[in-house]
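Visitor: Got a predicted structure plus its sequence, pasted below:
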Amino acid sequence: MLKRLLPLVILILGIVSFMALRYTRPEPAPVEAQERRWPVEALTVSPSEHVPLLSLFGEVVAPDMVTLVAPVQARVAQRPVSDGQRVAQGELLIALDEDDLSSPLRQAEAELADLQAQLENERIRHENNRQVLAQERTLLASANRQLERNRSLEGRNLTSQTDVDTARDAVARAQLNVSARESAIAEYPSRLASLEARLARAQVQAADARRSLDRGRVHAPFAGSVTRVQVAEGDDVAPRAALLSLYPLDGLELRARIPQPYHAELEAHLPSGAPLEATATNGNQHFVLERLAGESDPTGTEAILSVQGQHHGLRPGAMVAVQLRRPGVKNAVAVPYSALHGADLLYRINHDNRLERQRVERLGEAAQQDGERWLLVRAETLEAGDRVMSTHLPNAVHGLPVEVIQPLAGAEATP
């Protein structure tokens, strides 16, 4: 009997022990639900005036580059300069063979002398024609009188018909001579004008030949750098063939295309006279915006920038990336690109450490002291001392709780 009751007693003692332990256990501390906060970095902003930058990529050009050509067909006798060589004003660049240059001049001078002689002969011939015409008119009058006498004698049967015919032929010959002489005198002005025109043309050809002879020795019209050398000593060159080019060292320009949205801003600023400077990304070259090109296209307008100071190895045709300092903008803040969400959204962190969506206007880039590029934005609701989230959160929404773990000091654009 005792063996049958023993399991039941053990079960009852276990239940009693469990109930005693349950009612004597300590009460656990209540658990409070906590909202998750996202760790972010923040930037304290202070709206002020900044200078936005515009990244441009342009080509160095030499608008005053000149190309020297051969005046006539000739052989290159001397070429004392080489490509890339710097020369002083008046320095000899190329000398053509003088025999080749003087041959056209000698021909032009010979033709000029021949025409001058023909013109003088024509004047003498005209004067002789005038004198001979008077004599031939006298002979014509005498022949007419002789004809009248023969006719009178014929009427009285004192001369023959043959004598009358002979006198009539003499009158005809005299009349023909007078007509020919008068025609020669009448044609004198036209012959004179023709010779004078040919003489003038010969004089021009002679002047051209003298000029070509002078141009056969090509000197530098200004101090500059030689480029595009296309001939060597001994080469035969054709008329108007390019010999070499020369550009002034202080006349280089940078032409860069400005996007159309910035065209109106820069064009409105230029008349103020305040220079807009640009610096190459390597920091070696400096430029100033001079003007905008007269033509444009859908991609933008070319800006023309002059080189300031030393050229530091600039050559025509070189491509240079520059940062143009645009006109200053007021009430702007500089933020890192990581702070931007989408095209125009920032998130301000309020006093409860929650995000507040702020729509901003993009104004360009600003340079920081460490050389990094930050974004310039403007928002009417941002005030000095406001905190802006600088961490890019893909799930950022209005009202999201955050925890600032590493505040960033406000950064100003480099003046």
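Guide: Alright, I've got the coordinates.
Visitor: which element is residue 229 on?
Guide: Under the assignment given by DSSP states H and E, residue 229 is not contained in any helix or strand.
Visitor: Which residue ranges of the protein form helices?
Guide: In the chain, helices defined by DSSP state H lie at 2-24, 98-155, 161-186, 188-215, 263-269, listed in chain order.
Visitor: May I see these arranged in JSON lines, with mean neighbour count, distance to residue 84 and mean pLDDT as well?
Guide: All C-beta atoms are positioned from the backbone trio N, CA, C, and that covers glycine. Written out in JSON lines, the entries for the helices of the chain read as follows (neighbours: other CB atoms under 10 Å; distance: least, CB to CB, whole Å; pLDDT from 0 to 100):
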{"stretch": "helix 2-24", "mean neighbour count": "9", "distance to residue 84": "100", "mean pLDDT": "72"}
{"stretch": "helix 98-155", "mean neighbour count": "15", "distance to residue 84": "28", "mean pLDDT": "82"}
{"stretch": "helix 161-186", "mean neighbour count": "15", "distance to residue 84": "68", "mean pLDDT": "80"}
{"stretch": "helix 188-215", "mean neighbour count": "15", "distance to residue 84": "24", "mean pLDDT": "86"}
{"stretch": "helix 263-269", "mean neighbour count": "14", "distance to residue 84": "35", "mean pLDDT": "88"}
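Visitor: Make CSV out of those and add distance to residue 357.
Guide: As requested, the helices of the chain are exported to CSV (distance: least, CB to CB, whole Å):
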stretch, distance to residue 357
helix 2-24, 53
helix 98-155, 81
helix 161-186, 103
helix 188-215, 74
helix 263-269, 28
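Visitor: between these, which one is nearest to residue 298?
Guide: When the helices of the chain are compared for distance to residue 298 using CB to CB, the nearest one is helix 263-269, at 11.7 Å.
Visitor: and that closest one, how far from the chain's centre?
Guide: Taking CA atoms, centre = their mean, to the nearest Å, one finds the center of helix 263-269 at 19 Å from the center of the full chain.
Visitor: which strands and helices sit next to that helix?
Guide: When contacts are defined as 3 or more CB pairs under 8 Å, 6 or more residues apart in numbering; DSSP states H and E, helix 263-269 packs onto strand 286-297, strand 300-308.
Visitor: Select, out of the helices of the chain, the one closest to residue 229.
Guide: Each of those was scored for nearness to residue 229 using CB to CB, and the closest is helix 188-215 (17.8 Å).
Visitor: name the helices or strands packed onto the closest one?
Guide: helix 98-155.
Visitor: coming back round to it: so which of the helices and strands packed on helix 263-269 is the most packed in?
Guide: Between the helices and strands packed on helix 263-269, strand 300-308 has the highest mean count of neighbours, a mean of 19, where neighbours are mean count of other CB atoms under 10 Å.
Visitor: partners of that one, with directions?
Guide: Partner strands for strand 300-308, per DSSP bridges, with pairing direction: strand 253-258 (antiparallel), strand 286-297 (antiparallel).
Visitor: want to throw the ones you listed into a markdown table with mean pLDDT?
Guide: A markdown table is the format used below for the strands paired with strand 300-308 (pLDDT from 0 to 100):
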| stretch | mean pLDDT |
| --- | --- |
| strand 253-258 | 92 |
| strand 286-297 | 88 |
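Visitor: Now distance to residue 178 too, for those, in TSV please.
Guide: Shown next, in TSV, are those (distance: least, CB to CB, whole Å):
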stretch	distance to residue 178
strand 253-258	77
strand 286-297	72
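Visitor: Which one of the ones you listed lies nearest to residue 272?
Guide: strand 286-297 (11.8 Å).
Visitor: chain center to that closest one: distance?
Guide: Taking CA atoms, centre = their mean, one finds strand 286-297 lying 9 Å from the centre of the chain it belongs to.
Visitor: I would like the residues contacting that strand, please.
Guide: 253-255, 258, 260, 263, 266-267, 270, 275-280, 301-309, 322, 324 (CB atoms under 8 Å, 6 or more residues apart in numbering).
Visitor: Dump stretch 122-138 to PDB, restricted to CA.
Guide: Listed next in PDB are the C-alpha coordinates belonging to stretch 122-138 (Å, rounded to 0.1, in the frame of the first residue of the first chain):
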ATOM      1  CA  GLU A 122      53.300 107.200-130.100                       C
ATOM      2  CA  ARG A 123      53.600 110.800-129.000                       C
ATOM      3  CA  ILE A 124      56.300 111.500-131.600                       C
ATOM      4  CA  ARG A 125      54.200 109.700-134.300                       C
ATOM      5  CA  HIS A 126      51.200 111.800-133.400                       C
ATOM      6  CA  GLU A 127      53.100 115.000-133.700                       C
ATOM      7  CA  ASN A 128      54.500 114.000-137.100                       C
ATOM      8  CA  ASN A 129      50.900 113.100-138.300                       C
ATOM      9  CA  ARG A 130      49.700 116.500-137.400                       C
ATOM     10  CA  GLN A 131      52.500 118.200-139.300                       C
ATOM     11  CA  VAL A 132      52.200 115.800-142.300                       C
ATOM     12  CA  LEU A 133      48.400 116.300-142.400                       C
ATOM     13  CA  ALA A 134      48.800 120.000-143.100                       C
ATOM     14  CA  GLN A 135      51.100 119.200-146.000                       C
ATOM     15  CA  GLU A 136      48.800 116.600-147.400                       C
ATOM     16  CA  ARG A 137      45.900 119.000-147.200                       C
ATOM     17  CA  THR A 138      48.000 121.500-149.200                       C
END
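Visitor: So which residues make contact with that stretch?
Guide: Counting contacts by CB under 8 Å, 6+ apart, the residues outside stretch 122-138 that touch it are 174, 177-178, 181-182, 184-185, 188, 191-192, 195.
Visitor: hmm, back to that, among the strands paired with strand 300-308, which is nearest residue 339?
Guide: Each of the strands paired with strand 300-308 has some distance to residue 339 by CB to CB; the shortest is strand 253-258, at 26.8 Å.
Visitor: List of residues touching the closest one?
Guide: Identification of contacts with strand 253-258 by CB under 8 Å, 6+ apart yields 54, 56-63, 266, 278, 287, 290, 292-293, 299-307, 320, 322, 324.
Visitor: Sweet, I'm off.
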